[in-house]
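In: just a sequence and a predicted model for now, questions to come.
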Amino acid sequence: MQKGIRLNDGHVTYLGLLAKKDGTRRGSLSKKSSDNTKWHTKWFALLQNMLFYFESESSSRPSGLYLLEGCVCDRSPSPKPSLSAKECLEKQYYFTVSFNHENQKALELRTEDVKDCDEWVAAISHASYRNLATEHETLMQKYLHLLQIVETEKTVAKQLRQQIEDGEIEIERLKSEIQSNPTTAPSDDDSEIKKIKKVQSFLRGWMCRRKWKTIIQDYIRSPHAESMRKRNQVVFSMLEAEAEYVQQLHILVNNFLRPLRMAASSKKPPITHDDVSSIFLNSETIMFLHQIFYQGLKARIASWPTLVLADLFDILLPMLNIYQEFVRNHQYSLQILAHCKQNRDFDKLLKQYEAKPDCEERTLETFLTYPMFQIPRYILTLHELLAHTPHEHVERNSLDYAKSKLEELSRIMHDEVSETENIRKNLAIERMIVEGCEILLDTSQTFVRQGSLIQVPMSEKGKITRGRLGSLSLKKEGERQCFLFSKHLIICTRGSGGKLHLTKNGVVSLIDCTLIEEPEGTDDEYKSGQDMEHLDFKIVVEPKDSQSFTIILVASSRQEKSAWTSDISQCIDNIRCNGLMMNAFEENSKVTVPQMIKSDASLYCDDVDIRFSKMMNSCKVLQIRYASVERLLERLTDLRFLSIDFLNTFLHSYRVFTSADVVLDKLITIYKKPISAIPARSLERFFASSQNNKLLYGEPPKSPRASRKFSSPPPLAITKTSSPNRRRKLSLNIPIITGGKALDLAALSCSSNGYASMYSSMSPFSKTTLDINKLYVALSAASAFAIATAGANEGTPTKEKNGDKEFVIRRAATNRVLNVLRHWVSKHSQDFETNTELKMKVISFLEEVMHDPELLTQERKAAANIIRTLTQEDPGDNQICLEEVLQMAEGGKSEPFENHSALEIAEQLTLLDHLVFKVIPYEEFFGQGWMKNDKNEKTPYIMKTTKHFNDISNLIATEILQCEDVNVRVVVIEKWVAVADICRCLHNYNAVLEITSSLNRSSIFRLKKTWLKVSKQTKTVIDKLQKLVSSEGRFKNLREALKNCDPPCVPYLGMYLTDLAFIEEGTPNYTEDNLVNFSKMRMISHIIREIRQFQQTAYKIDYQPKAALYLLDRSSVMDEEGLYEASLRIEPKVPN
């Protein structure tokens, strides 16, 4: 039972106000003063087991508080009144509250109404939990009784064992007597008969006890007993882990937080109180909470073997919400700490704190990271505990409830962290830009990708500067760091110190853009750039309030170009969809797309086959957390919207829960039956006529446009009486590509002749003749719905209007299918390279699409481009491949290490590392295949990367230990450190870790005589490199370096594998309802996108056979045992 609680003024005030508002009992009572002379009227409020009293009902702060737990409340007789006060006292009713705490005086109260008095007595008695205390005492008595029974049984068992042993001795004695006197007849001597009977009695008792012993031994060896032993081991491990965690929090608070608070109050503070609060957040409160929980655990262990834990978690669960604040602001606290470390005084003071023995050489960042993993640790512990808890166990339901609550809290924290991380990533990029960038302060901006592209300069006439395309100076001067967000494209140059500077027109609003993937330039200068052929793409920007301009960007490879153009195109489609839904449809149709989405509860309400998170995607629709495969395919082909984040996640992870054939069949079905791409409940609102309702429910269509064999494209349903306001709403400056020219929806004026007005609106393009097919050229799903839902022409028959809408839906469905296929083929080409049957099926389907006589021009061109991408070989980035390098290295003789410069080795090591890294297919990152027994079959490329890492590390160690002379070893070590520093400059962090891990091997690290001669400068560089690639704080420094570097880059793959393993172990692929855990797929997809970003950008390093051959030569490389023997040979152990 609780003996006391810790409360401060804020808690008391809050609880008092809560009692006044929601208390179980409230009202005015008279309270006897402490000197027992007077009665004072107070206003009382009862909340659970706390009784507050205020000076009056209007008081906002309680005057006092009584804890009623364990108290006794009874009616008390009225005191004998004096003659003068007799009449008054007869109207008063008294009751007393007696507390079981020592030295606490009883509380005497009175009221004027007997009913009120009885109700107060009943309420306080209920709040005292006396019944629970009585039950607890009863259960404890039963428990003690059972313990006595167990002890008694143990004593009886001991006595029985002694009797059995005595019986066995007696039997042996009797056997010996019988053998010595064989002629003695039992009938002649009654004493002998008695002995035989006694032996028989002993034997019967021995047999019974032997059977009982067998039963006990069988139970000890039973699965139930084994499970209970493992359960106890889990609890003991949990106690040890909790003790360690409490100790870590104690060090964080006492060695860092409290000393820094005192330092902030000094005359010359090295840190402010606000920064201390921002760094440590509510870590002190977390420490107090876990100290209480740890004490409860110790008390339960003391009462072993009765390990009852569920009630402890019941107490802990409501208080774990304090972790939300800590986890939400953890990244920010580390940023504040890094900023404060720039102050030398603070950095010096912090190093003094970190040097204390309690810290064990751990940094403050390490201690701040520990609370981040506590909630997942509890979930894993409960999962293991439930695995060894029988289903009929008394705690089973309570532990299940605690686990579900912790998982719910973990999901909430993950959603908040994801949203906060996106905002902080945007702010980190904004701080890197010297001029600042206000659009990144918009919380709806979602980061998509970043990378280096070459921007081709334009002359004043809008053409490419003569002789520049393909030149080396252009590659150097025109290199730009580009950041793509959901609404904007930011183009920067990288200055000294890593800072970014915005270029002219460097902030591009995607809603004003038209993407041209294959520019058809006609000038000779443009065609002269042979090395950049087919690697460039054009963005035409037409702002409303300024002159239009064109941006030409060049990628380093076709794969990178496909990735950029696909993402930019999808972002533009999403923006147009959102803009049209939010602005254009308000007054143009009785049934609009926003209403269709709003009326479709399946997009935001949980159902048996789908669950949603609290976060929204770029289309302002709730993200999917769990869903069935059918619902995921439905979201992929829903014509109303398509989030680029969903599309990327789906294409990365669909192999986990379905197959490529199923996805392709779904796309083919949508193309052939586009009416099924919108849920029926939304189509019923979209098509109001009974004729089209028949189409929804499968009756044969009567209109020729209801099937794919319609005769001609229908006219636009634009009213001739449209108001100017209506035209403005449609004018979102959304260009539709028509033969390379831009057509604005605002140009569709509302004259009596839709075609004529449209034709006249194209007067700026006088040389271009208007083809009606070109009007629908690049209609995205959003643009299609814009025209469809705007078509409320009063003068047009309903049948024709609905036919127009059907036609536009078919155009939108075709656009959606081609869009998804283009994204799939361009960014996931390995799916088709490894599956020839799938490739031929896609080509066959696209050829069927191209033979459709009613297909629009641009749709036919898009299908042809996809076929061309599938059939032609990708020339890539003209970089040598790994197989060619290995083939050339076979049979060659390598030159010694001293014949190569540090720069040559660093460049060739970087080239080899990137060649090994870039060929890893992203399918291997699913399922932790690299940790399975058949890892070489499941993840061959990851295992090759691991082997390459180990081989290079062994090569470095061998090169050092082959030197017998200590001075030569020092030269070799310093040269390899120089190689590592050059690799750092080349952004090859994998090589940095290869070299530093080799220097930290026991066979190298123990060479004390060698390290004494290594220069101080070299040791400083080693410390800097080791700090960069340290695993402290989940590779915090390495992640920060990767965030700020420009590709090309070779990251350390083990960091990402650790992240993926943590995600895989903590969350299953399917829920208990067999729903796909799409939230997990999204997390894995984000990691894969970051890996692929570094895979796609190649190094511009020339292959040097001699240095590469040295790095690949394994003939003289020693294994771990040989390395240690060589180490002992050159520097033997010194005896103590």
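Out: Thanks, I have it. Residues are numbered from 1 along each chain as shown.
In: so residue 450, which state does it fall into?
Out: For residue 450, the reduced secondary structure class is strand; criterion used: DSSP: H, G, I helix; E, B strand; the rest coil.
In: same check on residue 34?
Out: coil.
In: and if you look at residue 234?
Out: Applying three-state DSSP: residue 234 is helix.
In: begin at 12 from now on, thanks
Out: Let's use 12 as the start, then, which means that last one is residue 245.
In: just the element for residue 466, please.
Out: Here residue 466 is covered by strand 458-467, with elements defined by DSSP states H and E.
In: partner strands of that strand, parallel or antiparallel?
Out: With DSSP bridges as the criterion, the sheet partners recorded for strand 458-467 are strand 490-496 (antiparallel), strand 560-565 (antiparallel).
In: adding distance to residue 274, write those out as JSON lines.
Out: No exception for glycine: its C-beta is placed from N, CA and C like everyone else's. Output for those, formatted as JSON lines (distance: least, C-beta to C-beta, whole Å):
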{"stretch": "strand 490-496", "distance to residue 274": "39"}
{"stretch": "strand 560-565", "distance to residue 274": "51"}
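In: so which of the ones you listed is nearest residue 660?
Out: When the strands paired with strand 458-467 are ranked by proximity to residue 660, the top entry is strand 490-496, at 16.9 Å, counting by C-beta to C-beta.
In: what about the following helix or strand past the closest one, average pLDDT?
Out: In the C-terminal direction, the helix or strand that comes right after strand 490-496 (DSSP H and E) is strand 499-505. Strand 499-505 shows a mean pLDDT of 89.
In: quick revisit: as TSV, the strands paired with strand 458-467 with distance to residue 392, mean pLDDT and mean neighbour count would be great.
Out: As requested, these are arranged in TSV below (distance: least, C-beta to C-beta, whole Å; pLDDT from 0 to 100; neighbours: other C-beta atoms under 10 Å):
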stretch	distance to residue 392	mean pLDDT	mean neighbour count
strand 490-496	40	87	20
strand 560-565	51	89	20
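In: among those strands, which comes closest to residue 527?
Out: Among the strands paired with strand 458-467, strand 560-565 comes nearest to residue 527, with 8.9 Å by C-beta to C-beta.
In: and that closest one, how far out from the chain's middle?
Out: For strand 560-565, the gap between its own C-alpha mean and the chain's C-alpha mean amounts to 35 Å (C-alpha atoms, centre = their mean, to the nearest Å).
In: tell me which of the strands paired with strand 458-467 sits nearest to residue 582.
Out: Of all the strands paired with strand 458-467, strand 490-496 sits nearest to residue 582, with 6.8 Å by C-beta to C-beta.
In: so the closest one versus strand 499-505, what angle?
Out: On the basis of axes from the mean of the first three to the mean of the last three C-alpha atoms, to 10 degrees, strand 490-496 is oriented at 150 degrees to strand 499-505.
In: what lies in contact with strand 490-496?
Out: Residues external to strand 490-496 that are found in contact with it (C-beta atoms under 8 Å, 6 or more residues apart in numbering): 437, 440, 450-451, 456-466, 500-505, 511, 514, 564, 575, 578-579, 582, 1057.
In: where does pLDDT dip in the stretch 162-311 of the chain?
Out: Screening the stretch 162-311 of the chain residue by residue with the criterion pLDDT under 70, one finds the ranges 192-200.
In: could you give the average pLDDT over the strand holding residue 466?
Out: When pLDDT is averaged over strand 458-467, the result is 84.
In: pull the CA atoms of it into PDB?
Out: Only the C-alpha atoms of strand 458-467 are listed here, as PDB (Å, rounded to 0.1, in the frame of the first residue of the first chain):
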ATOM      1  CA  PHE A 458      11.600  16.500 -48.500                       C
ATOM      2  CA  VAL A 459      11.800  14.200 -51.500                       C
ATOM      3  CA  ARG A 460      15.400  14.000 -52.700                       C
ATOM      4  CA  GLN A 461      18.700  15.900 -53.100                       C
ATOM      5  CA  GLY A 462      21.700  15.500 -55.200                       C
ATOM      6  CA  SER A 463      24.200  17.200 -57.600                       C
ATOM      7  CA  LEU A 464      23.200  18.200 -61.100                       C
ATOM      8  CA  ILE A 465      24.800  20.400 -63.700                       C
ATOM      9  CA  GLN A 466      22.900  23.500 -64.700                       C
ATOM     10  CA  VAL A 467      23.400  24.600 -68.300                       C
END
